[in-house]
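**Student:** Got a predicted structure here, sequence first:
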Amino acid sequence: MSSKRRIRRKSCTGKRRFITWEAAIAAIRSLVRARGPQGPLNAYRCQFCNGFHFGHAPGAGRLFPRF
Ligand SMILES: [Zn+2]
């Protein structure tokens, strides 16, 4: 392996930050209410700012059953 840096820069700039995971989930819910289903969204903890963000979950379609 080469000495490639695995540390990413703070990629959370420009994203909404939430203090709690629940707040991020609430934001997802309000977004879905306002604009309809956005596909699988997931809230996750950010290692850079120690806050929470939400975005599209990797492996889309596995978290929710299909109809
Ligand atoms: Zn962040």
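**Tutor:** Received it, and whenever you're ready, just let me know what you need. Keep in mind it's a predicted model, so treat the numbers as computed, not measured. Numbers count the residues shown, from 1 in each chain.
**Student:** mind listing the helices in the protein by residue range?
**Tutor:** Remark: helices assigned in the chain by DSSP state H are 21-35.
**Student:** Quick check: residues of it near the ion?
**Tutor:** 12, 46, 48-49 (C-beta under 5 Å from the ion). C-beta: built from backbone N, CA, C; applies to glycine.
**Student:** make it 8 Å
**Tutor:** With the criterion set to C-beta under 8 Å from the ion, the chain comes near the ion through 10-13, 15, 17, 46-53.
**Student:** Of the residues you listed - the most surrounded one?
**Tutor:** Within the residues of the chain next to the ion, neighbour counts (other C-beta atoms under 10 Å) peak at F52, which reaches 22 neighbours.
**Student:** my guess is W21 meets R45, correct?
**Tutor:** Yes: W21 is within contact range of R45, at 7.0 Å (criterion: C-beta atoms under 8 Å).
**Student:** Can you check the pLDDT for the nearest residue to K15 once chain neighbours are set aside?
**Tutor:** Excluding the flanking residues, the one nearest K15 by C-beta to C-beta, 6 or more residues apart in numbering is H53, at 4.9 Å. For H53, the pLDDT comes out at 94.
**Student:** same deal with V32?
**Tutor:** Per-residue pLDDT puts V32 at 94.
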